[in-house]
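J.: My questions are about this predicted structure, shown below with the sequence.
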Amino acid sequence: MFKEISLHILDLAENCVTSGAKNINIKIIENTKDNRLQFEIIDDGKGMNKNEIEQAIDPFFTTRTTRRVGLGLPFLKEATEACNGSFDIQSEPGKGTRVIAKFQRDHIDRMPIGDIQSTILNLLVGYPDIHWCFEYKLDNKQFVLDNNEIIKELNGISFSDPMIIRFLRTTIENGIKVIHKQK
């Protein structure tokens with residue numbers, strides 16, 4: 001379905017918003033020594049019970065009304081397992097959900113990370129009332145963007161202001177570039 005990890009992240013993050021989450025943390029962790037790439041999305045939305053988790057990874061079940069099947073999570077699970085990785089959903093009703101997707105970093109079939117900068121930017125601009133925290137870690141180098149800190153500095157200026165969009169894009173791009181250059 002999705003050909004890039006960033007698109008899986010976008011789909012999952014939008015599911016978090018739909019579930020009523022007010023705080024969403026997206027973590028991407030690359031570990032070259034252990035040859036692992038993983039991402040986690042943690043939210044404080046409505047959460048799921050065990051039966052709902054099982055339904056979430058069933059490709060023929062969805063709670064959406066716009067289509068009859070939900071393929072995002074099943075395809076992600078399949079993609080992780082095909083790349084010597086793993087997939088897990090931890091959730092509790094009323095407390096939120098944590099999705100963890102792990103891949104063998106250098107596996108030939110692992111999809112590319114893709115345009116994670118645009119994914120994060122679209123979430124920040126598209127859902128300005130959500131508290132977003134984005135973390136990207138490469139070995140011992142880390143970039144963190146917390147939109148609460150930015151909101152305080154903006155003093156009421158909208159994230160959809162073109163100048164702010166340029167600032168956010170540059171901040172995200174430079175933050176990720178810096179940790180890759182420091183390697």
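T.: Cool, got the structure.
J.: can we go C-alpha only for contacts and neighbour counts from here?
T.: OK.
J.: what about the longest helix in the chain?
T.: Longest helix in the chain by number of residues (criterion: DSSP state H): helix 162-181.
J.: pull the CA atoms of that one into PDB?
T.: These are the backbone C-alpha positions of helix 162-181, laid out as PDB (Å, rounded to 0.1, in the frame of the first residue of the first chain):
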ATOM      1  CA  PRO A 162       3.800  31.000   4.800                       C
ATOM      2  CA  MET A 163       6.700  32.400   6.700                       C
ATOM      3  CA  ILE A 164       6.100  30.000   9.600                       C
ATOM      4  CA  ILE A 165       5.700  27.000   7.200                       C
ATOM      5  CA  ARG A 166       9.100  27.900   5.700                       C
ATOM      6  CA  PHE A 167      10.600  28.200   9.200                       C
ATOM      7  CA  LEU A 168       9.200  24.800  10.200                       C
ATOM      8  CA  ARG A 169      10.300  23.100   7.000                       C
ATOM      9  CA  THR A 170      13.800  24.500   7.400                       C
ATOM     10  CA  THR A 171      14.000  23.600  11.100                       C
ATOM     11  CA  ILE A 172      12.900  20.000  10.400                       C
ATOM     12  CA  GLU A 173      15.200  19.500   7.300                       C
ATOM     13  CA  ASN A 174      18.200  21.000   9.100                       C
ATOM     14  CA  GLY A 175      17.600  19.100  12.300                       C
ATOM     15  CA  ILE A 176      17.600  15.800  10.400                       C
ATOM     16  CA  LYS A 177      20.600  16.800   8.100                       C
ATOM     17  CA  VAL A 178      22.700  17.700  11.200                       C
ATOM     18  CA  ILE A 179      22.300  14.400  12.900                       C
ATOM     19  CA  HIS A 180      23.200  12.600   9.600                       C
ATOM     20  CA  LYS A 181      26.300  14.800   9.100                       C
END
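J.: ok, which stretches of the protein are strands?
T.: Assigned by DSSP state E, the strands in the chain fall at 23-31, 36-43, 86-92, 96-104, 131-138, 141-146.
J.: Reformat those as a markdown table; add mean neighbour count, mean pLDDT and distance to residue 12.
T.: Compiled in a markdown table, these are given as follows (neighbours: other Cα atoms under 10 Å; pLDDT from 0 to 100; distance: least, Cα to Cα, whole Å):
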| stretch | mean neighbour count | mean pLDDT | distance to residue 12 |
| --- | --- | --- | --- |
| strand 23-31 | 20 | 98 | 10 |
| strand 36-43 | 22 | 98 | 8 |
| strand 86-92 | 18 | 96 | 12 |
| strand 96-104 | 21 | 97 | 8 |
| strand 131-138 | 19 | 97 | 13 |
| strand 141-146 | 16 | 96 | 18 |
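J.: Any idea which of these gets closest to residue 14?
T.: Among the strands of the chain, the nearest to residue 14 by Cα to Cα is strand 23-31 (10.0 Å).
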